[in-house]
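>>> what's the 3D shape of this:
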Amino acid sequence: MTHVMACIDNSQSSLAVCDYAAWASQRLSAPLTLLHVLDKEKYPASADISGNIGLGSREHLLEELATLDAQRAKLALEHGQHMLEKARERTLISGAISPDLKQRHGHLVESLSDLQDDIRLLVIGRVGEDSTHSAQSLGSQIEAVVRTIHRPILITTSHFRKPERSWWHLKSALQATRPHRCLLQARCAKACQYISSWLVRTLKKTRKSWRKH
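Take a look at the predicted model:
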């Protein structure tokens, strides 16, 4: 069974991600999974010092640094688990039923790619915890996520507001010429109470070509 999957980090926008994910899970009658990915570059599990030959008395310093890196990664994973527990509490209050928790130590895009077959709708915050400081933060990785994950994606703002309209970004000619198929497959039209939806196309087609379909 596919899930509504929500990406959680330590940013303020994660609260809204929880709220939107819980809302979508109920509207789509789909189970909810909360995902936290700890960046392995920022928090390496261990450092490889095998190539540092002939450093003499400095070698023990490198070993200590490697140990500290491992301890930092362990603490960060524990903190991430705590965030997931808090996120689960929030989604339960919002009406979600038995959300599942997943934690990965790696890269966000790679982790989502591995889990793609289990995703029915991906919920991700527009701004991540390091968005103003790093090009690899959650929010700044949205473009890479959209290009890699071939699933419907809900990009949230920092505050929850019950959706009333939906915008659809179509990535292929097939989707553009058969928009109803995209909607039926995603089944996200069910999540909006307004009848009207807008299809936003990125293809270089004229309005005349759209009218044919």
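>>> mind checking the SS state of residue 162?
Three-state assignment for residue 162 (DSSP: H, G, I helix; E, B strand; the rest coil): coil.
>>> In contact with the nearest residue to it once chain neighbours are set aside, which residues?
In this structure, residue 162 finds its nearest non-sequential neighbour in residue 23, 6.9 Å apart by C-beta to C-beta, 6 or more residues apart in numbering. Placement of C-beta: from N, CA and C, glycine included. Going by C-beta atoms under 8 Å, 6 or more residues apart in numbering, residue 23 touches 94, 95, 160, 162, 163, 191.
>>> Kindly report the same for residue 5.
Shown here is residue 5, whose contacts under the criterion C-beta under 8 Å, 6+ apart are 21, 32-35, 112, 115, 118-123.
>>> for it, helix, strand, or coil?
Taken by three-state DSSP, the conformation at residue 5 corresponds to strand.
>>> For stretch 104-123, buried residues please.
Neighbour counts over stretch 104-123 (16 or more other C-beta atoms under 10 Å) mark 104-105, 107-109, 111-112, 115, 119-123 as buried.
>>> In helices only, show me these.
With helices identified by DSSP state H, the entries of these that belong to them are 108, 109, 111, 112, 115.
>>> out of those, who's nearest residue 99?
Using C-beta to C-beta, residue 115 is the member of these that lies nearest residue 99, at 14.9 Å.
>>> Please go through the chain and pick out the longest helix.
helix 59-93.
>>> So for that one, mean pLDDT?
Computed over helix 59-93, the mean pLDDT rounds to 86.
>>> bridging residues for residue 39?
Beta-bridge pairing of residue 39, defined through DSSP bridges, involves residue 106.
>>> That one - how many residues pack around it?
The burial metric for residue 39, expressed as a neighbour count using other C-beta atoms under 10 Å, is 19.
>>> same question, residue 153
By other C-beta under 10 Å, 17 other residues sit near residue 153.
>>> Excluding chain neighbours, what is closest to it?
Of all residues not flanking residue 153 in the chain, residue 122 sits nearest, at 4.7 Å (C-beta to C-beta, 6+ apart).
>>> which residues touch the one you found?
Residues near residue 122 by C-beta under 8 Å, 6+ apart: 5, 6, 7, 112, 145, 149, 151, 152, 153, 154.
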